[in-house]
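Enquirer: Fold the following.
(chains A and B, ligands or ions: 2)
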2 protein chains.
Amino acid sequence: MKLNYKIIFHFLGLLLLFNGGFMLLSALVSLLYKDGVTFQLFLAGIFTLIAGLLAMVFTRHHKKEMNKREGYIVVSFGWVIMALSGTLPYVLTESIPNFTNAFFETMSGFTTTGASILNDIEAVPKGVLFWRSLTHWIGGMGIIVLAIAILPLLGIGGMQLFAAEAPGPSADKLHPRITDTAKRLWLIYFGYTAAETLLLSVAGMSFFDAINHSLCTLSTGGFSTKNASVAYWNGEPIIQYIIILFMFLAGTNFVLSYFAFKGKVQKIINDEEFKLYFKFIGVFTIIAAVIIYFRADISASSIVHPMVWGEAESAFRHSLFQVLAIITTTGFVTADYTVWTPFLMVFFFGLMFLGGSAGSTSGGVKVVRHIILIKNSFLEFKRTLHPNAILPVRYNKRAISGNIVFNILGFFILYMLSFIIGALGFSMFEIDFKSAIGLAASTLGNVGPALGDYGPVNNYSALPALAQWWASFLMLIGRLELFTVLILFTPFFWRDR
Amino acid sequence: MKLNYKIIFHFLGLLLLFNGGFMLLSALVSLLYKDGVTFQLFLAGIFTLIAGLLAMVFTRHHKKEMNKREGYIVVSFGWVIMALSGTLPYVLTESIPNFTNAFFETMSGFTTTGASILNDIEAVPKGVLFWRSLTHWIGGMGIIVLAIAILPLLGIGGMQLFAAEAPGPSADKLHPRITDTAKRLWLIYFGYTAAETLLLSVAGMSFFDAINHSLCTLSTGGFSTKNASVAYWNGEPIIQYIIILFMFLAGTNFVLSYFAFKGKVQKIINDEEFKLYFKFIGVFTIIAAVIIYFRADISASSIVHPMVWGEAESAFRHSLFQVLAIITTTGFVTADYTVWTPFLMVFFFGLMFLGGSAGSTSGGVKVVRHIILIKNSFLEFKRTLHPNAILPVRYNKRAISGNIVFNILGFFILYMLSFIIGALGFSMFEIDFKSAIGLAASTLGNVGPALGDYGPVNNYSALPALAQWWASFLMLIGRLELFTVLILFTPFFWRDR
Ligand SMILES: [K+]
Ligand SMILES: [K+]
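Expert: Numbering: from 1, shown residues only, chains lettered A, B, ... in the order given. Ligands and ions are numbered 1, 2, ... in the order given. Below you'll find the predicted structure:
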């Protein structure tokens, strides 16, 4: 089957239109705050719109249905074209004059990683900061539609598992219309963002900070409008608890939120992934809180930790916040987990491989896959003892086909392989062991903060240019569940049939 | 089926007899070298022999055949009883007066890890040093019989794959008689050890050093009789090339050596694992050698590097030696790979997960499993594109059953899980990130040298007592392919049927 490039370009054009529209929205924000870069942002939007329109007009006579191979290309190049065009607001306003830096920041945005090369975030014009937060939010929208509607059809890494539960009509072919399902979940995504903005404003954040942090929370992105990230509000626990709540929701399968609004609470309580996600957060928070309270030397950190509600509450809050920030791969910072204790550093490094729920905007391996991996390992012991017994893995009370289990095992192995190759890549730039290992885990999992020189109190500006491209690549493949992008590098993808 | 403890104890008694015999051999060495501890070593041997005899006499009316569950117990507890009784020569001679230290050193010996807590090896009496090397060599013998005759029957981690190729009669039940196959391979093992001893002696090593290093090479153990390990002979390239040759052989499937002696060269050339093992060594050596030659700062190391045959040869030799030492998990040291360049540190860390060939004495994941993992990942891409195609993994031109692939994928995931839990364990003792990560990889893979505070120029004496027990546990489960030991911790193992 020959690839139909027209339908591919048509879709990429549509994405550019979409992106251009959001740039114009940033220009509007710029106008409201009179930050002096309105014209540049307007120009960026217009350029992007025109490019998108041209692409769509020239490819208007495309065939109506997309096949799987075109699907992989649209998804992978879609993210790249978003990141490429998304550099315009940074470059034209000269907020980030260097193209490599700008591309890194945009890719970090659209992949909801939240790693930043900006040294002084607070000096950046408000319109540009808003655009920066929007890249997260748009990326998050993309992830939802991918997870619920596209990746299951493309057969990526066991995504079929939970998508079966998704509401709305199910299609068997990639259809050029965004499915009904995605629209319902986007409504929830939008609603949560609005709710968080409102609550943060009420709690005392400025409206601008509130909306930006909300855009970056629901997308599990982690960009902040403050140099100190959310640690800026270390003296205001209520603000941090609000963000904690919404990080938790952002890391939950949005389909479950949909059920919640439909009153189907039983569906949520019975969901195995949700239960384990909840338990993980609970157990890890307690472990970290106890260690922080009794062992950690908070004064070793450059971050100020006023104990407004007492030492115990502070230990609990920062533990809960950081556990959620890493598990949901949001990456907001209220404390430096690398200076607490040696144990907690390895602990948080390990959490980077966890990830939130499938069907959420979080990155990483994700809880559902860990469930399958753990159950299968356990069964493997039984199979060893009784080689002839047929022992299928069960998830949400249903036996799972061997193919999907295979798919998930394969995903995990590819993830580990990408991690070690990722670390090797970084270490080529004279980056030390700990930092290289941390960078690989953090970029691949779309977390944001890493370890060592790229820890929570640092940013990525010291990363050499080539290493920034390497990081961008890792963020991209991590975000798109590895297979979607890496399949383009297999020889048979292009010569097949 | 009830467990038959008589047959279990009978076998453990047999192992003690075996161990006691080797202790008497050490006493003989002690006598020859007049090192003053002959009586203590003799006593250790007699104690062990009596314990073994008593166990065997009391259980002489055991049933004739062992079932699988008894097999797991005999193997796991066999290694533990060897390590426990193996402490006697250290404790009675007061070479290692502390029991924890002695147990660590013995477990490190029998698991062929080669991590040592001895600060001044050269001050230890020769008889005890010989015993120390023997623990490696005995461990290696155990591994060969395990890999060829026992683990495949126990269904551990895809060991069925290559065992099918092994020579000699194949049994379907665990038979209380060591198979014919094992005896043939032990003969090769013994022959190689004698050959290396001879060559090293001819090349100028003292006979004592030669035999000890040979015992520790063929078992991929890595204990040395010198404080500086093999770096002691950095000025004598021929000695190091001889060790290189035998490390290579020790990391090769002993079944292939058997074929070589039978003149069946075609079998070796066609063996996929051997080909990849060879390619790995070649490619990794070139990469490391080029970097060492052009980039590394040798002077940063505390190890002396006289360039007797020029700088290029030195870079090549140390690269080849260290690549082989890590891949075959021998762990001999001629240079400190942690100070070459940041890239090479991550590189050698990654190599710790490779392992040599299955059916060799090396530890780690092993090349055959990597072949299956890589092929399956590649096929996973094809399966993603063509979900209905049936694409079995092929190894040595035969399609492999899905069960074995599953087994191997499960093994790898369990290995990674053990690694991260291992690192978390070490980090509890205030061991820094790099050292904890390195210790987990090195002990689990039975390598020996790790990273950071436990790198090639350090030893394990600084490890806290509890951490030494943790390390011993990791060495044990790594050596016994995880499942053999960990299955004893599953609740169904004990209540089953
Ligand atoms: K993030
Ligand atoms: K070793």
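Enquirer: Check the spacing between the residue in the stretch 251-400 of chain A that ligand 2 sits nearest to and residue B:50 real quick.
Expert: Residue of the stretch 251-400 of chain A nearest ligand 2, by C-beta to the ion: residue A:346 (23.7 Å). Bear in mind the C-beta positions are built from the backbone N, C-alpha and C, glycine included. Taking C-beta to C-beta, to the nearest Å as the measure, residue A:346 falls 45 Å from residue B:50.
Enquirer: If you count surrounding residues, which of those two has more?
Expert: Neighbour count, other C-beta atoms under 10 Å in any protein chain shown: between residue A:346 and residue B:50, residue A:346 has more, with 24 against 13.
Enquirer: Without its sequence neighbours, what residue ends up closest to the more buried one?
Expert: residue B:427 (4.1 Å; C-beta to C-beta, 6 or more residues apart in numbering or on different chains).
Enquirer: Contacts only, for the one you found.
Expert: When contacts are counted by C-beta atoms under 8 Å, 6 or more residues apart in numbering or on different chains, residue B:427 touches A:341, A:342, A:343, A:345, A:346, A:347, B:433, B:436.
Enquirer: give me that answer again for 6 Å
Expert: Residues near residue B:427 by C-beta atoms under 6 Å, 6 or more residues apart in numbering or on different chains: A:342, A:343, A:346, B:436.
Enquirer: and what of residue A:300?
Expert: Residue A:300 sits next to residue A:339 when contact means C-beta under 6 Å, 6+ apart.
Enquirer: In terms of pLDDT, where does it sit?
Expert: Residue A:300 is assigned a predicted lDDT (pLDDT) of 71.
Enquirer: got a winner among the contacts of residue B:427 for most neighbours?
Expert: Busiest of the contacts of residue B:427 [other C-beta under 10 Å] is residue B:436, holding 30 neighbours.
Enquirer: and it, helix, strand or coil?
Expert: helix (DSSP: H, G, I helix; E, B strand; the rest coil).
Enquirer: ranges for the helices of the stretch 201-350 of chain A?
Expert: A:207-218, A:237-250, A:254-261, A:265-269, A:272-294, A:311-327, A:342-351 (DSSP state H, counting those that start in this stretch).
Enquirer: Turn these into TSV, columns for mean pLDDT.
Expert: Formatted as TSV, those follow (pLDDT from 0 to 100):
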stretch	mean pLDDT
helix A:207-218	96
helix A:237-250	95
helix A:254-261	88
helix A:265-269	87
helix A:272-294	93
helix A:311-327	93
helix A:342-351	92
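Enquirer: Dump those helices into CSV; add distance to residue A:382 as well.
Expert: Shown next, in CSV, are the helices of the stretch 201-350 of chain A (distance: least, C-beta to C-beta, whole Å):
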stretch, distance to residue A:382
helix A:207-218, 41
helix A:237-250, 34
helix A:254-261, 31
helix A:265-269, 28
helix A:272-294, 19
helix A:311-327, 29
helix A:342-351, 26
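Enquirer: out of those helices, which comes closest to residue A:67?
Expert: helix A:254-261 (26.3 Å; C-beta to C-beta).
Enquirer: Only C-alpha atoms, please: export the closest one in PDB.
Expert: Output in PDB follows, covering the C-alpha atoms of helix A:254-261 (Å, rounded to 0.1, in the frame of the first residue of the first chain):
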ATOM      1  CA  PHE A 254      -9.800  11.000  32.200                       C
ATOM      2  CA  VAL A 255     -12.300   8.300  31.400                       C
ATOM      3  CA  LEU A 256     -12.700   7.800  35.100                       C
ATOM      4  CA  SER A 257     -13.400  11.500  35.600                       C
ATOM      5  CA  TYR A 258     -16.000  11.100  32.900                       C
ATOM      6  CA  PHE A 259     -17.600   8.200  34.900                       C
ATOM      7  CA  ALA A 260     -17.400  10.300  38.100                       C
ATOM      8  CA  PHE A 261     -19.400  13.100  36.500                       C
END
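Enquirer: so that helix versus helix A:272-294, what angle?
Expert: 100 degrees (axes from the mean of the first three to the mean of the last three C-alpha atoms, to 10 degrees).
Enquirer: Quick test: name the residue nearest the centre of chain A.
Expert: Among the residues of chain A, the one closest to the centroid is residue A:112, at 3.9 Å (C-alpha atoms, centre = their mean).
Enquirer: I'd guessed that residue sits against residue A:216; true?
Expert: No. Contact criterion C-beta atoms under 6 Å: residue A:112 and residue A:216 do not qualify, at 8.4 Å.
Enquirer: so what sits against both of these two?
Expert: residue A:136.
Enquirer: Thought residue B:345 was touching residue A:433, still the case?
Expert: Yes. Assessed by C-beta under 6 Å, residue A:433 is found in contact with residue B:345 at 5.1 Å.
Enquirer: Return the residues in contact with residue A:125.
Expert: A:35, A:37.
Enquirer: That one and residue A:4, how far apart?
Expert: From residue A:125 to residue A:4 the distance is 42 Å (C-beta to C-beta).
Enquirer: mind listing the helices for the stretch 51-200 of chain A?
Expert: With DSSP H, counting those that start in this stretch as the criterion, the stretch 51-200 of chain A has helices spanning A:68-85, A:88-92, A:99-110, A:126-145, A:151-154, A:160-163, A:180-202.
Enquirer: List, one by one, the residues from the stretch 351-497 of chain A near chain B.
Expert: Residues of the stretch 351-497 of chain A lying close to chain B by C-beta under 6 Å from any C-beta of the partner chain are A:373, A:377, A:380-381, A:384, A:387, A:409-410, A:413-414, A:420, A:423-424, A:427-428, A:430, A:432-434, A:436, A:483, A:487, A:490.
Enquirer: Can you flag the buried ones in the residues you listed?
Expert: A:373, A:377, A:380-381, A:384, A:409-410, A:413-414, A:420, A:423-424, A:427-428, A:432-434, A:436, A:483, A:487, A:490 (16 or more other C-beta atoms under 10 Å in any protein chain shown).
Enquirer: Just to be sure, which of these are found in strands?
Expert: Using DSSP state E, no member of those falls in strands.
Enquirer: Among these, which lie within helices?
Expert: A:373, A:377, A:380-381, A:384, A:409-410, A:413-414, A:420, A:423-424, A:427, A:433-434, A:436, A:483 (DSSP state H).
Enquirer: Least confident secondary structure element in chain A?
Expert: helix A:160-163 (a mean of 60; mean pLDDT, DSSP states H and E).
Enquirer: Would you mind measuring the gap between the ends of stretch A:456-468?
Expert: 18 Å (C-alpha to C-alpha, to the nearest Å).
Enquirer: contacts for that stretch?
Expert: Against stretch A:456-468 from outside (C-beta under 6 Å, 6+ apart): A:100, A:104, A:115, A:116, A:117, A:119, A:302, A:333, A:336, A:429, A:449.
Enquirer: Closest one of those residues to residue B:254?
Expert: Looking across the contacts of stretch A:456-468 and measuring by C-beta to C-beta, the closest to residue B:254 is residue A:429, at 41.8 Å.
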